[in-house]
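Visitor: Give the three-dimensional model of this entry:
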Amino acid sequence: MIRFRHLAAAVSLGLVAATASAAPVTYTIDTVHSQVRFYVNHLGFSNSTGGFKVADGSTLSFDNDDWSKSSVSVKIPVKSLELGDATWNTHILDKDWLDLGKFSEISFQSNKVEKTDATHGKIYGNVTIHGVTKPVVLDLTVNKVGEHFIRKAPAAGFTATTVLKRSDFGVSAYAGAIGEDVSVRIEIESYVAK
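Guide: Alright, predicted model coming up:
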């Protein structure tokens, strides 16, 4: 009986130690099913919508048991801008706006992930747009963590939202006509590469 108790205690301690030392899972971001969408008011009549692709090489590390151990680093090619119209794409990539000739990349690097309930939290970090870096807080939703139906591999999906001010990043052309606030929605699908 004593030996059984010692064995049970050792197994329990081993499980606790294994749990405590569990590392965040590193995921590969699926750039086909991940994107950044934004919405900005146009002359008061509508909210124009645009989007960017997420670049290969963006990284995501997520610990579903301890979100504070998680991190994300995302790179967005400015040239991937899509507004649904070639003329507008060229116009917004010009020097009066995003200035693709000087600034080819938008980036985000997290420095803290905070859990607020079972599926929601906050991501704190820095975003760089138009050569200007500013702190930002993203509202995070964990959509699903589990096996990917097609890939047959562990996968995780997230939605993150925030609002940025154009003038904070020196993109202030047509102030008053084009909205100052830009609503951003990020959709990330990721998987563990085999």
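Visitor: Next, count neighbours for residue 115.
Guide: The local packing of residue 115 (other CB atoms under 10 Å) involves 16 other residues. The way it works is simple: take the backbone N, C-alpha and C, and place the C-beta from them, glycine included.
Visitor: And residue 125, by the same measure?
Guide: One way to gauge burial is a neighbour count; for residue 125, by other CB under 10 Å, it gives 19.
Visitor: give me the element it is part of.
Guide: Assigned by DSSP states H and E, residue 125 belongs to strand 120-129.
Visitor: average model confidence for that strand?
Guide: Regarding strand 120-129, the rounded mean pLDDT is 98.
Visitor: Check which helices and strands it sits against.
Guide: Taking 3 or more CB pairs under 8 Å, 6 or more residues apart in numbering; DSSP states H and E as contact, the helices and strands that strand 120-129 lies on are strand 105-115, strand 132-147, strand 154-165.
Visitor: hmm, try it at 10 Å
Guide: In this structure, strand 120-129 makes packing contacts with strand 71-77, strand 105-115, strand 132-147, strand 154-165, strand 178-191, judged by 3 or more CB pairs under 10 Å, 6 or more residues apart in numbering; DSSP states H and E.
Visitor: do you know which of these lies nearest residue 40?
Guide: Closest to residue 40 of the helices and strands packed on strand 120-129 is strand 178-191 (CB to CB; 4.6 Å).
Visitor: Off-centre distance for the closest one?
Guide: Relative to the centre of its chain, strand 178-191 is centred 9 Å away, using CA atoms, centre = their mean, to the nearest Å.
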